[in-house]
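Student: the sequence and its predicted three-dimensional model are supplied below.
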Amino acid sequence: MTLAADGNLRTTTGGVHTRPTGHSAALAAAVDLVTEHLGAAPALRSAGWTREDATHLIGHLGRHTIPGSRGRDFSRAFVTKKDGSKAPRAYRVDSAGLAACQYAMLTHKQRAAVIVMDVDTPGRPGESLDALATVTRRSLEQLAARGAGPAWIGVNPSSGKSQAIWLIDPVYRADGHSSSNWKLLEQTMRELEIALRGDVHFSHGWSRWPLYTGPDALAYRWHAQHWRIDRLGMLIQEVRAMPGRTKPAPSTKLAKTQFSSGWERIAAARGICLRCVTVRRWPAALGADLRRGSGSRESRGQTAPASGGHTVLAYRPACSVPVADACDPV
């Protein structure tokens, strides 16, 4: 069964699995609600995907066109530009051309809105998530129970290997540079590779396209799990807290603060500036209090000793932010 553009199910030969909208989607939502109130671990779904799932995925990617490839011969997926350079052939997200592609570039070298993990552990032939290797399914269930499971899971019907996609708060970097959030993204991918025994040689370039609706009987079968968008800081914590994970040795270097978004970094910078302003005002306020006290040396006509005794020292914080500019909008 395939999902046509009008949202109705069409029967094709060897098509992908989809699930109908309407009462089935309402039933899935009801199951989630009951599961949440009972405190039970959410099970992995093997129910294909709906038009709403597809719309949410495309909307989160935030792109009008996506590079695609119909097969594994990626050399055919590039076109030659007027200046002689090559670029991947891009398709509109709502086009039949992209729906006929089994592979796509879901990330850009300067922007990433998803994490794609290639799990090379073979399972058994099949189209549902029951075909996954036991160790893979157990790890995915543990992540789902911690609220950190992938949004999409694809199964190779001939081998039981899989790919998983997480929707994340988008991260950016300038061309030719890195950023703290991009480094956090790379750390999270390494943690997921360890947790799922993922393919460390996976290029994170071309990956399987979940919304393929062509006739290939060997195409991955994709199953949508949820619409949640994960923050990298929370995701990496949940992955590291999985049962059976070996905690890394503590670093001897001072760990840098990681921020899950740009707004969180801005808020932290403003907080530091406000604390610097407060600390800079301490010496003046403290000196005024001492001058008003009857027991101060100034009231007795004495001077503070150069060394020894209980001398109040003026504190100069190591903050280079001018007081007048400390609270300016960033």
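Tutor: Nice, I can see it. This structure is a prediction, so every number in the text was calculated from the model and none was measured.

Student: which helices and strands does the top strand by length along the chain pack with?
Tutor: In the chain, assigned by DSSP state E, the strand with the most residues is strand 162-172. Under the contact definition 3 or more Cβ pairs under 8 Å, 6 or more residues apart in numbering; DSSP states H and E, strand 162-172 sits against strand 111-119, strand 152-155, helix 180-196, strand 206-208, helix 232-240. All C-beta spots, glycine's among them, are computed from the backbone N, C-alpha and C.

Student: got the angle between the last one and helix 180-196?
Tutor: Note on geometry: by axes from the mean of the first three to the mean of the last three Cα atoms, to 10 degrees, helix 232-240 and helix 180-196 are set 20 degrees apart in direction.

Student: helix 232-240: which residues count as buried?
Tutor: Leu232, Gly233, Leu235, Ile236, Glu238, Val239, Arg240 (16 or more other Cβ atoms under 10 Å).

Student: cool, the first one as well?
Tutor: Buried residues in strand 111-119, counted by 16+ other Cβ under 10 Å: Ala112, Ala113, Val114, Ile115, Val116, Met117, Asp118, Val119.

Student: what is the neighbour count of the nearest residue to the fourth one once chain neighbours are set aside?
Tutor: When you say that, I think you mean Ile115. Take Ile115 and drop its neighbours on the chain: the residue closest to it by Cβ to Cβ, 6 or more residues apart in numbering is Trp166, 4.3 Å away. Neighbour count of Trp166, defined by other Cβ atoms under 10 Å: 23.

Student: from what I see, Trp166 and Leu235 are in contact.
Tutor: Yes. Contact criterion Cβ atoms under 8 Å: Trp166 and Leu235 qualify, at 6.9 Å.

Student: may I have stretch 92-102 as PDB, with CA atoms only?
Tutor: Output of stretch 92-102 as PDB, limited to C-alpha atoms (Å, rounded to 0.1, in the frame of the first residue of the first chain):
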ATOM      1  CA  ARG A  92      10.800  19.900  -4.700                       C
ATOM      2  CA  VAL A  93       9.600  18.300  -1.500                       C
ATOM      3  CA  ASP A  94       6.100  17.800  -2.900                       C
ATOM      4  CA  SER A  95       7.200  16.400  -6.300                       C
ATOM      5  CA  ALA A  96       6.800  12.900  -7.700                       C
ATOM      6  CA  GLY A  97      10.500  12.900  -8.500                       C
ATOM      7  CA  LEU A  98      11.500  13.000  -4.800                       C
ATOM      8  CA  ALA A  99       8.900  10.300  -4.000                       C
ATOM      9  CA  ALA A 100      10.700   8.100  -6.500                       C
ATOM     10  CA  CYS A 101      14.100   8.500  -4.800                       C
ATOM     11  CA  GLN A 102      15.300   5.900  -2.200                       C
END
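
Student: avg pLDDT for it?
Tutor: Mean pLDDT, stretch 92-102: 96.

Student: list the contacts of that stretch.
Tutor: Defining contact as Cβ atoms under 8 Å, 6 or more residues apart in numbering, one finds that stretch 92-102 is touched by 5, 58, 61, 63-66, 68-71, 91, 104, 208-209, 211-214, 216, 219-220.

Student: show me which positions of that stretch end up buried.
Tutor: Val93, Leu98, Ala99, Ala100, Cys101, Gln102.
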